[in-house]
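Trainee: This is the structure alone, sequence omitted:
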């Protein structure tokens with residue numbers, strides 16, 4: 001007979017066995033992570049880095065050369081059959097073949113052209129009514145690349161007011177607001193009724209024309225001075241070297257704002273309301289036309305008046321005088337400006353190619369380049385068009401092997417950029433609701449190669465780190481640089497252009513309004529970058545020498561600028577690395593802490609330059625400084641969360657990525673910058689007096705300009721107070737977008 005004690009032990013043993021068995025099952029079910037589903041595992045890891053290396057190897061320099069030769073065979077100004085039919089269909093078919101899909105977006109817009117039967121010109125109107133020293137109406141043919149192309153348009157400035165005007169000539173240097181102010185205030189020169197002769201360079205040409213009109217000039221002549229475009233020698237110019245010959249003329253727009261002039265703020269689609277030209281900003285206030293320096297010297301050597309100071313004496317063999325008027329025996333002569341430029345509604349087209357993302361198809365990495373050129377456009381824009389087409393082909397090869405990015409990639413070929421960023425602006429206006437919530441970043445390459453010395457870039461601070469790190473992965477295209485120990489694009493970039501705040505990093509500039517990134521940043525609040533290979537800073541050029549001339553040909557690029565097309569290849573590779581990184585990493589490579597650092601530097605600059613003046617008027621920047629500290633802390637905490645987030649939690653990953661992506665949107669003021677509501681980014685916008693340049697805190701910068709000479713001081717300083725308040729609020733609001741989801745309303 002079994003004792004009670006023995007039975008008790010057996011019962012305990014059975015119970016313990018059952019308990020441990022149940023615990024084991026529970027632990028097995030809930031304590032040990034199960035294998036992740038393949039879809040979740042795939043979206044929880046960064047893309048294969050070896051594919052980035054393969055992409056770079058796939059990009060071939062000889063293909064880029066072939067692409068450039070095709071694009072530059074004939075001229076292709078916006079609105080022309082070759083531009084809007086042949087090239088549009090070519091790119092569309094290429095992308096339809098290599099990528100997942102492609103689409104053409106058409107827009108009916110107002111474009112501008114010279115009158116072929118009545119060309120623009122400049123002349124000296126003699127006292128007896130006859131004309132002398134008439135400027136060339138066409139550019140002289142210097143190379144077979146230019147011959148037999150009737151579609152080449154004569155030199156002109158798009159959207160110039162047509163008309164014939166006469167007046168005393170005045171030389172106004174670069175035509176900056178400072179130049180005009182100096183002539184009027186310091187030299188007491190009466191500019192009313194005069195025709196201004198200004199050098200190209202330094203600032204946007206439309207701002208030169210605007211300044212001339214504001215100071216009373218009735219017309220303007222623009223020319224390219226050898227000091228800016230042929231600095232080595234006037235003897236070895238194209239076709240012997242890359243310097244601009246005296247017969248070369250720079251075309252370009254003088255449209256004061258971006259986009260179609262007849263549909264401001266809205267896209268030029270079928271349902272659009274079109275303003276009358278008379279109610280729009282479709283023409284300049286005064287007639288304007290460009291000439292070459294062979295013609296400019298004929299007028300400059302005859303100008304009378306005081307001798308210009310030494311900083312205004314430049315590259316022509318003449319004593320630069322200010323005017324107004326001509327020296328004897330031309331004292332009673334006038335400068336005549338004959339402009340027959342006209343505007344016309346035509347169709348322009350954007351071509352958009354798509355690679356659909358596998359896990360986040362509704363997040364777009366957008367890259368683009370414009371297609372149209374004033375003439376052949378071998379540098380601007382076709383160097384970049386040729387590179388982007390090869391990059392798209394290389395991505396297509398990856399697709400053929402079964403690769404698919406995490407996020408969607410969007411390739412853009414813009415129309416009518418040269419006339420005033422028209423194609424890209426209309427597209428962003430049409431799709432702003434989509435792009436505003438889905439675009440990760442916009443990567444712009446207007447020109448791939450304008451020189452062969454080093455990389456040059458501008459962008460929003462959240463893309464600084466990505467650009468720096470990507471440049472470290474791209475092989476240096478210059479064998480001499482490699483021999484000197486600079487193996488990557490980053491190394492040469494750093495050696496040539498270090499930043500002023502960190503000697504270990506290359507300089508990245510701020511974005512103005514010089515290319516198609518403008519609408520993405522100013523309307524959509526989308527992070528942007530713009531980059532190209534450029535020439536040595538020691539030249540101190542205003543642009544690459546052949547800028548917008550008929551000599552910007554395939555021969556120029558292939559023989560004198562990039563033999564072998566290795567620099568084009570390097571830019572295509574860099575663009576590919578940045579695109580791949582943004583499209584493939586689980587956590588977006590957008591660095592908010594760089595924005596915080598940039599804001600700190602910007603405020604310090606204001607305090608250095610205007611601190612005592614602000615204090616005098618009872619204005620404090622303490623609120624801005626406090627907001628930036630809040631911003632800096634929020635950015636640091638956000639990036640801390642990205643380092644500890646569980647990557648297998650797609651909702652948490654998405655939330656953090658949205659915060660990284662949406663920061664740029666927080667800097668958009670829906671009311672726009674005071675006086676310039678078409679620009680809406682409170683931190684960066686084009687300068688008031690130079691749309692190519694950028695202003696930090698543009699509303700405040702505009703309000704401060706020439707404030708000491710405003711008779712209504714009270715009004716101006718009230719505006720300063722308002723702008724400081726807006727900056728404080730916007731930075732505070734931007735900081736709030738980076739905080740945890742519970743950090744709202746005291747939750």
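Mentor: Perfect, thanks for sending it. A quick note: this is a predicted structure, and the numbers were derived from the prediction, not measured. Numbers count the residues shown, from 1 in each chain.

Trainee: Distance from the chain centre to stretch 690-703, please.
Mentor: Averaging C-alpha positions (Cα atoms, centre = their mean, to the nearest Å) puts stretch 690-703 15 Å from its chain's average.

Trainee: meant to ask about stretch 525-533, not that
Mentor: That offset, for stretch 525-533, works out to 6 Å (Cα atoms, centre = their mean).

Trainee: got it, and stretch 175-192?
Mentor: 31 Å.

Trainee: Buried residues, it. List them.
Mentor: 175-177, 179-180, 182-183, 189, 191 (16 or more other Cβ atoms under 10 Å). C-betas here are computed from N, CA, C, even on glycine.

Trainee: Which strand residues bridge residue 454?
Mentor: residue 534 (DSSP bridges).

Trainee: Going by distance to residue 326, which of the buried residues of stretch 175-192 wins?
Mentor: residue 189 (15.1 Å; Cβ to Cβ).

Trainee: out of everything not next to it in sequence, what's closest to the closest one?
Mentor: residue 183 (4.7 Å; Cβ to Cβ, 6 or more residues apart in numbering).

Trainee: does the one you found count as helix, strand or coil?
Mentor: Under DSSP: H, G, I helix; E, B strand; the rest coil, residue 183 falls in the helix class.

Trainee: Can you give me the buried ones in the strand or helix carrying residue 209?
Mentor: Residue 209 belongs to helix 205-214 when assigned by DSSP states H and E. By neighbour count on 16+ other Cβ under 10 Å, the buried set for helix 205-214 is 205-213.

Trainee: who touches the following helix or strand past that helix?
Mentor: Moving toward the C-terminus from helix 205-214, the next helix or strand (DSSP H and E) is strand 219-223. Contact partners of strand 219-223, identified using Cβ atoms under 8 Å, 6 or more residues apart in numbering, comprise 122, 157, 165, 167, 175, 195-200, 205, 208-209, 212, 250, 286-293, 295-296, 299, 335, 337, 339.

Trainee: for stretch 422-437, same thing?
Mentor: Against stretch 422-437 from outside (Cβ under 8 Å, 6+ apart): 78, 105, 107, 109, 111, 258-260, 263, 265-269, 348-350, 352, 364, 366, 368, 370, 372, 412, 414-417, 516, 518-520, 523-526, 665.

Trainee: Do me a favour and average the pLDDT over it.
Mentor: Across stretch 422-437, the average pLDDT comes to 97.

Trainee: distance between that stretch and the chain's centre?
Mentor: 16 Å.

Trainee: I'd like the buried residues of helix 205-214 as JSON lines, with pLDDT and distance to residue 44 appended.
Mentor: Output for the buried residues of helix 205-214, formatted as JSON lines (pLDDT from 0 to 100; distance: Cβ to Cβ, whole Å):
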{"residue": "205", "pLDDT": "95", "distance to residue 44": "51"}
{"residue": "206", "pLDDT": "94", "distance to residue 44": "50"}
{"residue": "207", "pLDDT": "94", "distance to residue 44": "51"}
{"residue": "208", "pLDDT": "97", "distance to residue 44": "55"}
{"residue": "209", "pLDDT": "97", "distance to residue 44": "56"}
{"residue": "210", "pLDDT": "96", "distance to residue 44": "54"}
{"residue": "211", "pLDDT": "97", "distance to residue 44": "57"}
{"residue": "212", "pLDDT": "97", "distance to residue 44": "60"}
{"residue": "213", "pLDDT": "97", "distance to residue 44": "60"}
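
Trainee: what's the closest of the residues you listed to residue 459?
Mentor: For the buried residues of helix 205-214, the residue nearest residue 459 by Cβ to Cβ is residue 207; the value is 22.8 Å.

Trainee: ok, that closest one touching residue 686?
Mentor: No - Residue 207 lies out of contact with residue 686 (Cβ atoms under 8 Å); the separation is 9.5 Å.

Trainee: tell me the centre residue of the protein?
Mentor: Taking Cα atoms, centre = their mean, the centroid of the chain lies closest to residue 515, which sits 3.9 Å from it.

Trainee: Okay, the residue nearest to residue 189 and residue 237: tell me how far apart.
Mentor: Separation of residue 183 from residue 237 (Cβ to Cβ, to the nearest Å): 31 Å.

Trainee: do residue 543 as well
Mentor: For residue 543, the distance to residue 237 - Cβ to Cβ - is 15 Å.

Trainee: for residue 134, same thing?
Mentor: With Cβ to Cβ as the criterion, residue 134 and residue 237 are 23 Å apart.

Trainee: Give me the distance between the two termini of stretch 115-134.
Mentor: One end of stretch 115-134 sits 17 Å from the other (Cα to Cα, to the nearest Å).

Trainee: tell me, how many neighbours does the residue nearest to residue 500 when sequence neighbours are not counted end up with?
Mentor: Distances taken as Cβ to Cβ, 6+ apart place residue 507 nearest to residue 500, at 7.1 Å, with adjacent residues excluded. For residue 507, the count of nearby residues is 16 (other Cβ atoms under 10 Å).

Trainee: neighbours of residue 247, just the number please.
Mentor: Around residue 247 there are 21 residues (other Cβ under 10 Å).
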